[in-house]
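# Give me coordinates for this.
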Amino acid sequence: MAFSEKLSSFFAEEDEDEFDDEDPVTTVQADPKKGRPGSLESQPRKQPVGMPKTPRRSIARFLSGDDEDEPGGTALPVDPTKGRSGEAGEESRKPAILQPGAPRKTIAHFLADDDEEIDTKQDAAPEQSAGSPSILDRFRELFSRPKQAEIDTLVFDPGALGIPSIEGALRDVNLTYAIDPPYQYVHIEYSRLEGTMIYSVVEPELSSTEKAALTIVENAFEKLVSTNAELIDAGQREKYLHERFYSLIQIFGLKLSDEQKARMYFHLRKQYLGYSRIDTLMKDKYIEDISCNGSDMYLYVQHRTYGSVRTNVKFGEVELNNFVLKLAQVSGRHVSLLQPIRDLTLPDGSRANITLGGEVTKKGSTFTIRKFRANPISSIELMDYGSIDAMQLAFVWILMEHKRSILVSGGTATGKTTFLNVLCSFIPPEYKIVSIEDTAELNLMHPNWLQSITRTGFGTSESGGAPSGMGGGGGAKAPGDISLYDLLVAALRQRPEFIIVGEVRGGEAFTLFQAIAVGHAALGTIHAGSMDELLARVESAPMNVPRSLLSNLDLVIFPMHVQKGERSMRRISNIVEILELDRDKGDLITNTVFKWLPDADRFQWQGRSFLFDRIRDTYGISKDTLHQELKYRTEFILWLQKNNIREYHAVIKMIQNYYRDKEEVIGWMQRGQAGAGALQGEYTGPVPGA
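Numbers count the residues shown, from 1 in each chain. Prediction:
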């Protein structure tokens, strides 16, 4: 409602049935002959038949609240249909703000469409007395702002901060660390009462008056957005929300300190631009997975240091349904009771699986988010975690440079995609890469990279495929479906040096191994924990890959997730070369190059690589040269770790500089020199003498 329309409600006192006999009015008389309006003439306004003459009241009487009739006035008759007399009707037609004994409303209440009851004890209008205020005083009172209650605030202190560490026992953990200061922190503590770790989100809590003020701002913002829809660019949403927030504070005259404004805006931003209750969890770099198993149930997270941990975060039923719908909408997907299960890729690249309602999950809507790191784990960080050593990284680096095909095979949550991303960091920058995935997980800092993902079709298939919303189930394709097989066929026509398949699991496997057989280098992941499991998986439906094709693969890397005491860890258990197929027995001939020794928790080089023989035969490089290169690159990787060059982009740029000028980089290693920018993760090239 416009300001003028709201203000007019204060003065809408005269009824439509009040007339004045003496006021001339211009009317149009109809011409019965021509059937159209005739001439114009001025006639006096007539009193309607059967209606008594009522007096006109002045603004002075309106503002003074005088309810007595003027001399000569006629009281209205009783209306039996409405059960009130003329006197009562007069009161009922007056604005509520001026009725005797009724609570007074100011302009601010009308502009805010405030329908809540007002405290009648404080704001009740006194009856008219002889010493009533003047008209000017009533105008001032009408347009004055209501007296505002003081808005208090609560003290927020996250306490002493630390960094998660694998040292010590879990029962001694009592740690708070920063996520996004100054308002987002996490406290992890072992609860002896529950016998488990508790992950608590620590954020500033709003006082009751701050919550009331924030509610006013949120309601106004919702009305503003619903009545004035604007298309805001993704990069401008933060600025738009910030400007509207401070504008609404000024409009409503909220007296807030800078600290209170910052806290309220933090909660508003988390609601509209963040991930609501799990915003802190999504920003925590130590979190791998977030799981919600239903409404009114605590969420669980997979922590890189402390394993599976229960949180203090949970959703109500309606709130959880709305949040699941929001996840689908921001991912550009549709979820409904017809299609209650969906795989999503969130805007930050994280993978999610959601279910809606209690159709397929009896405890209500659920979601599982596998977080995507905008800054991926580097090869040096994997060494810090103990998942791999420098010599293994140097070995696979040489294979990547010479276009060998590698498969990363392991169970669920063993780090297959993470290690695949590390492998891609060793690809020379001039090579063309084409990746195909169901959900975008790879994050390559490579200038010549074509990334493609599958697409879910529209509607349901005509062959009776189940419309659950899930893909890859082997059912008939819906119209518009683009599968991994379709993308793989297109990739073979784009002349890539490397084809990367995010996860090999269906009919595309046959085409992938056909491509390897004709000379294309390929990388991929597959769910299989050992060589025997791998053979059983690829030789059965739906892959149906014969061993003769599988023998064209060069290397298989087996990561595993193991429990050692209280801690869980990831290790590269075996690196196995596939040499050839025994034509007589039909068995694959393999060679284990590296093996993890669980007792000593170290990796052992088995002494020989037959792939070096293939590289020698293909490229004419002697084995001595390859072994010398293996030594140089091992020392280079250890040098990066020693000089604290761990950040992903810095490591990538150092590898690229090794490709461009190996001799100079080796010289700096021997002199103990390092680029100052690289140590801070901002490396732009070697800086001699830094």
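# need the strands for the stretch 551-690 of the chain, in chain order.
Listed in chain order, the strands of the stretch 551-690 of the chain (DSSP state E, counting those that start in this stretch) span residues 555-564, 567-581, 588-597, 602-605.
# can you check the stretch 251-400 of the chain too?
All strands of the stretch 251-400 of the chain, identified by DSSP E, counting those that start in this stretch, fall at 287-292, 300-303, 307-311, 341-345, 351-355, 366-370.
# The second one pairs with which strands, and in what direction?
For strand 300-303, the paired strands and their directions (DSSP bridges) are strand 287-292 (antiparallel), strand 307-311 (antiparallel).
# hey, C-alpha coordinates of it in PDB?
C-alpha atoms of strand 300-303 as PDB (Å, rounded to 0.1, in the frame of the first residue of the first chain):
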ATOM      1  CA  TYR A 300      26.800 -36.200  11.500                       C
ATOM      2  CA  VAL A 301      30.000 -35.100   9.800                       C
ATOM      3  CA  GLN A 302      33.100 -36.900   8.600                       C
ATOM      4  CA  HIS A 303      36.000 -35.000  10.000                       C
END
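# could you give the mean pLDDT of it?
Mean per-residue pLDDT for strand 300-303: 95.
# contacting residues around the closest residue to residue 649 other than its chain neighbours?
Counting by CB to CB, 6 or more residues apart in numbering, residue 445 is the residue found nearest to residue 649 once chain neighbours are left out, at 6.0 Å. (C-beta placed from N, C-alpha, C; glycine too.) By CB atoms under 8 Å, 6 or more residues apart in numbering, the contact list for residue 445 reads 425, 648-649, 652.
# For the residue most central in space within the chain, grab phi and psi.
Within the chain, the residue whose C-alpha comes closest to the C-alpha centroid is residue 275; the distance, by CA atoms, centre = their mean, is 5.1 Å. Backbone torsions of residue 275, given as degrees, to the nearest 10, read phi -110, psi 30.
# any idea how far residue 293 is from it?
If you measure residue 275 against residue 293 using CB to CB, to the nearest Å, the figure is 18 Å.
# Check residue 323 too.
Residue 323 is 14 Å from residue 293, where distance means CB to CB.
# now swap in residue 670 and tell me
Plainly put, residue 670 is 56 Å away from residue 293 if you go by CB to CB.
# Okay, now the unreliable bits of the stretch 201-350 of the chain?
For the stretch 201-350 of the chain, residues meeting the criterion pLDDT under 70 lie at 228-229.
# and the contacts of residue 445, which of them are in helices?
648-649, 652 (DSSP state H).
# quick one: which of the residues you listed is nearest residue 495?
Minimum separation from residue 495 among these (CB to CB) is found for residue 652, which lies at 23.8 Å.
# Not counting its neighbours along the chain, what's nearest that closest one?
For residue 652, the spatially nearest residue (CB to CB, 6+ apart) is residue 445, at 4.7 Å.
# sorry, back to before: residue 323 and residue 293: which has the busier surroundings?
More neighbours surround residue 323 than the other of residue 323 and residue 293, with 20 against 15 (other CB atoms under 10 Å).
# Residue 282 reaches residue 347, doesn't it?
No: Residue 282 is not in contact with residue 347 according to CB atoms under 8 Å; the separation is 10.8 Å.
# more crowded one of these two?
Between residue 282 and residue 347, counted using other CB under 10 Å, the more crowded position is residue 282 (17 against 9).
# lowest average confidence, helix or strand, in the protein?
The least trusted helix or strand in the chain, going by mean pLDDT, DSSP states H and E, turns out to be helix 676-679, with a mean of 38.
# residues of stretch 543-550 that come out buried?
Judged by neighbour count (16 or more other CB atoms under 10 Å), stretch 543-550 contains these buried residues: 543, 545, 549-550.
# Sort out for me which of those are in helices.
With helices defined by DSSP H, the entries of these inside them are 549-550.
# Residue ranges in the stretch 551-690 of the chain under the pLDDT threshold?
673-690.
# how about the helices of the stretch 201-350 of the chain, start to end?
208-227, 237-251, 258-272, 279-283, 317-330 (DSSP state H, counting those that start in this stretch).
# deepest of those, which one?
Ranked by mean neighbour count under mean count of other CB atoms under 10 Å, those are led by helix 279-283, which reaches a mean of 20.
# quick check, distance from that helix to the centre of its chain.
Helix 279-283 has its C-alpha centroid displaced from the chain centroid by 9 Å (CA atoms, centre = their mean, to the nearest Å).
# just stretch 261-269 next, same as before
18 Å.
# Please apply the same query to stretch 407-420.
Offset of stretch 407-420 from its chain centre (CA atoms, centre = their mean): 24 Å.
# again with stretch 163-180
Stretch 163-180 sits 26 Å away from the centroid of its parent chain (CA atoms, centre = their mean).
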